[in-house]
Structure formats: C-alpha cells, structure tokens
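K.L.:
Predicted model follows, preceded by the sequence.
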Amino acid sequence: MPTGHEHIELRLADFLARDLPREEMAEIQSHIDSCPACKERLESLKNLTVLLDRSKITDVPEGYFGTILPRLRKSLDRPRGNRWLPDLRWPEFVPPVAAAIVIAGLLSVLSVRLSHDASGQPDAVSQDLEAEDPTDVFFRELQTAPLTTVRQEDAVASAVSGTDLTKGMLRYMVGETTFQEVAPLQSVEDLDPDELETILARLETRTLL
Amino acid sequence: MTDLELVDRFQKGDESAFNELVLRYKEKVYWTARRFLQNHDDADEVVQQSFLKAYVGLKNFRSDSGVFTWLYRIAVNTALNVLRKQRTKEFFRLDELTRESSPESDRPDEQYERKEERALIDEAVHQLPEKQRAVFVLRYYDQLSYEEIAVILKTSVGGLKANYFHAMRKIEEYVRRAHGS
Ligand SMILES: [Zn+2]
C-alpha cells in the first residue's frame, strides 16, 4: 500500500468534519475520487459518525446546571483547610499509603518494562498543574519516593497469584504502558474506607516483594 | 466582558467575576467530563473539583493561552483522576462498573435500538487508552482545534492527529466486531 493512503487516512475524520484548510480538503477530495480504498474508508467513517451523533449523550437531571454555582459557593465558603483533604487521620491514612507505594512501585516497574515496546513520547497530561492542591503535591512526592524494585513482571504475577490480582488484570492496568495508566493506584486515598480495607486485607496475606 | 477582564476583576477581589466565569463555562466543563467519564455523578464531581481548583489557581493566573484553555486543562486533568479512580475500582472489582451502560433505560420514548447503540458507543469509548479518549472527546464532541488540544494536554499537534485517528479507528472496529462482521 502506498504511503499516500495512510497520509490521507489520518485526516479523513477531519475531512468529514470539513475542518481542514481548503487546499487539504481539495487534495483529499481528489485522492478519494480516484482511490476506491480510501473512498470505502470514508464511507465507513461516515457511518460511524452518524452512529456517534445519534447516540450522543444529551440527558441531564432536570435543573442540574442551576445547582452548580450554589454548591460551589457553599464549598468555597467553607474553611480552607477542609476543602481538599476531607478528614484524613494519620493512623488510618498511613497503611493505605504504604500499600499505594508498594503497588505503584510494582506497576511502575512493570510499565517501564512494557513501555519499551511502545512508541511515542511520554504523556504530559496531568502533570504540574495545580500546585496548590496538597493531594497532588503529596502524590507527586510519592511518585519519586524510593521504591523497592521488582525484577520482572512474572514476579509480580506470582506474588499475587491465586487472587483477583491476576497477571491479566495487571496487564489491563498498564494496558497502554504509560505511567499514566498505572497512576490510579496512587489515588487509593480516593477510595472509601471500606474499599481500602478490602484491598488491604487482600494485600496483607501476600508477600509482594 | 472578556474572560481576561473577569479574571482581572476576580484578582482584585471581585467574587462575582468568578461566578460569572463559572456560569460561562459550567456546561462546557460538564459535557466534556460527562462524555469522558460516561456518567453524570462523576462528571458532576469533576465540575465541582475543577472550579474549586480554578478558584485557587486564578489568583495567580497569567495567561498565555486563555482562560478557557486553562480551565479545560484543569477539567481534563480532574477527569483523568476520576477515570483512574473508576479503573482502580474496576481493577479491584470493588464496584460494579460506574459507567452507564444504558443511561436512558427508564425512558419509554427511546427506542430499544437507540439505547443499544448508546451502550455500544460507551463501551467502545470505555476501552480507549486515556489519552486517546481525551483527544477523542475534545476533538469530536467539543470540536476543539488540534492546537487548542495540544495546549490543554501539553503535547504535540502531530501526535494528537495520530491519537485521534487511532481513537476513531478503535471505536469503529469495536462497533464492527459487535455487529459481527
Ligand atoms: Zn487511498
């Protein structure tokens, strides 16, 4: 297949949305007129956009938008200290964080290993944005904390075998092989206390490292 | 009044200028979060959190890219965090999937097929890696330019085009497989 096709294909969705410079629109149009393969791709994409538009979410609870600002003002008028970290007592907080470090460590090693196959640049999404948010600061620090390393993916899988934490699920978590995909485990503090307890109970019975 | 004028007034202590910004962008932020996270409650959480963060950040806001882009960036980041929370829950099987598989199932006037279609698209989007998912939502639904998206996601335009292409492709393939052809 000539490279011209890929070059065209990449822009077909924008062509369909008529969101390209005039010359590019013309270039693609003339390619399509003479290329059955790309014409078929375009048709197929057209069908998809019809489906996407038809199934677009438009339902919102009645009166919802009117509630946004009043609720926001209510939070803003609360004392500053409670705004970001609702009631974190250290004795409860420490074990989850320890667990988070262990898991994040395991999976980051895993993701680094897997990311050798992945092309493309590192994901810049969601870094360094809200410096004022103590949660973010805390977890950024956690990210760079020294971690015990795990030599290979199999070690992780075997450490957690016989549980729901199967190799397949680990792979799912790191599916795209970026650290971003692994990051949920650094937000363990977002889970409810009961959920945390369940996780910790599962982890407790296993030697991870 | 422009966004920047509102920011300026807010920085000088006018709270109502912040309110005006919220009113201006609440729906946009909501829909982006909703399409990204596929359920109302999570989207609502993103809206609240994003504007709280914006409130704090605006005090020191200096614009290179505009209030709107900056706000979008906060919203996308916040939505990503919520997505990770969703995935953590899925990962540990602590929760049923939080996304809505058929959000309007109690609406009698919607045809069965339409609900099926919606569920299918939700699933297709759900399986996208998060960056493709973000690009897809920002490009397809919000119809932002690649240049705007590049600012929001701090990434290159070239990479974004590929992300968008792959996202559309994967959704298409998912739908095709579901239809068994
Ligand atoms: Zn062609």
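P.N.:
Now that the structure is in, tell me what you want to look at. Because the structure is a prediction, the values reported are computed rather than measured.
K.L.:
In the chain, where is pLDDT below threshold?
P.N.:
If you meant another chain, say so; for now it's chain A. Applying pLDDT under 70 to chain A flags residues A:1-4, A:78-209.
K.L.:
look at chain B instead
P.N.:
B:63-64, B:85, B:87-111, B:181.
K.L.:
make it 80
P.N.:
B:60, B:62-65, B:81, B:83-115, B:180-181 (pLDDT under 80).
K.L.:
And the residue of it closest to the ion?
P.N.:
residue B:165 (14.4 Å; CB to the ion). C-beta coordinates here come from the backbone N, C-alpha and C atoms, glycine included.
K.L.:
for that residue, what are its contacts?
P.N.:
A:9, A:10, A:13 (CB atoms under 8 Å, 6 or more residues apart in numbering or on different chains).
K.L.:
of all the residues in chain A, which ones are close to the ion?
P.N.:
Applying CB under 5 Å from the ion, we find that chain A lies next to the ion at A:5, A:35, A:37, A:38.
K.L.:
at 8 Å what do you get?
P.N.:
Chain A comes close to the ion at residues A:2, A:4-5, A:8-9, A:31-32, A:35-39, A:41, as judged by CB under 8 Å from the ion.
K.L.:
Out of those, which is nearest to residue A:77?
P.N.:
residue A:9 (52.7 Å; CB to CB).
K.L.:
ok, so what distance separates that closest one from chain B?
P.N.:
Note on residue A:9: its distance to chain B, by CB to the nearest CB, to the nearest Å, is 7 Å.
K.L.:
Find the nearest non-adjacent residue to that residue, please.
P.N.:
Nearest residue to residue A:9, sequence neighbours excluded (CB to CB, 6 or more residues apart in numbering or on different chains): residue A:41, at 6.0 Å.
K.L.:
What helices and strands are in contact with the helix or strand containing the one you found?
P.N.:
Using DSSP states H and E, residue A:41 sits within helix A:36-54. When contacts are defined as 3 or more CB pairs under 8 Å, 6 or more residues apart in numbering or on different chains; DSSP states H and E, helix A:36-54 sits against helix A:3-9, helix A:12-16, helix A:22-34, helix B:112-126, helix B:157-178.
K.L.:
what about residue 40, neighbour count?
P.N.:
Picking chain A for this. Using other CB atoms under 10 Å in any protein chain shown, residue A:40 has 11 neighbouring residues.
K.L.:
that's the other chain; I wanted chain B
P.N.:
18.
K.L.:
I figured it hits residue B:33, correct?
P.N.:
No. Between residue B:40 and residue B:33 there is no contact under CB atoms under 8 Å: 9.6 Å.
K.L.:
among the helices and strands packed on helix A:36-54, which is the most enclosed?
P.N.:
Counting by mean count of other CB atoms under 10 Å in any protein chain shown, helix A:12-16 has the highest mean neighbour count of these, with a mean of 20.
K.L.:
And residue B:146, how close does it get to residue B:160?
P.N.:
5 Å (CB to CB, to the nearest Å).
K.L.:
anything in contact with each of those two?
P.N.:
What both residue B:146 and residue B:160 touch, as defined by CB under 8 Å, 6+ apart, is the set residue B:139.
K.L.:
mind checking the SS state of residue A:60?
P.N.:
Look at residue A:60: counting by DSSP: H, G, I helix; E, B strand; the rest coil, its state is coil.
K.L.:
Identify the residues contacting it.
P.N.:
B:30, B:40 are the contacts of residue A:60 under CB under 8 Å, 6+ apart.
K.L.:
does chain A sit close to stretch B:18-34?
P.N.:
Yes. On the criterion CB under 8 Å from any CB of the partner chain, stretch B:18-34 is in touch with chain A at B:19, B:22, B:23, B:26, B:27, B:30, B:34.
K.L.:
Taking helix B:112-126 as reference, get the angle to the host helix or strand of the first one.
P.N.:
Secondary structure here is read from DSSP H and E; on that basis residue B:19 sits in helix B:15-37. Helix B:15-37 and helix B:112-126 are oriented at 100 degrees to each other (axes from the mean of the first three to the mean of the last three CA atoms, to 10 degrees).
K.L.:
Which residues belonging to helix B:15-37 are considered buried?
P.N.:
B:17-22, B:25-26, B:29-37 (16 or more other CB atoms under 10 Å in any protein chain shown).
K.L.:
what's the domain layout of chain B?
P.N.:
As assigned by automatic domain parsing, chain B contains the domains B:3-86, B:98-178.
K.L.:
can you check chain A too?
P.N.:
Domain assignment of chain A by automatic domain parsing yields the ranges A:5-54, A:145-205.
K.L.:
Endpoint to endpoint, the shortest one covers what distance?
P.N.:
So that's domain A:5-54. Counting by CA to CA, to the nearest Å, you get 29 Å between the two ends of domain A:5-54.
K.L.:
For the residues of chain A next to the ion, give me a markdown table that also has distance to residue B:74.
P.N.:
Formatted as a markdown table, those follow (distance: CB to CB, whole Å):
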| residue | distance to residue B:74 |
| --- | --- |
| A:2 | 43 |
| A:4 | 40 |
| A:5 | 39 |
| A:8 | 36 |
| A:9 | 33 |
| A:31 | 40 |
| A:32 | 40 |
| A:35 | 43 |
| A:36 | 46 |
| A:37 | 42 |
| A:38 | 39 |
| A:39 | 42 |
| A:41 | 36 |
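K.L.:
tilt between the helix ranked longest in chain B and helix B:112-126?
P.N.:
Identified as the longest helix of chain B according to DSSP state H is helix B:67-91. Counting by the same axes, to 10 degrees, helix B:67-91 lies at 90 degrees to helix B:112-126.
K.L.:
After the helix holding residue A:41, which helix or strand is next?
P.N.:
helix A:64-76.
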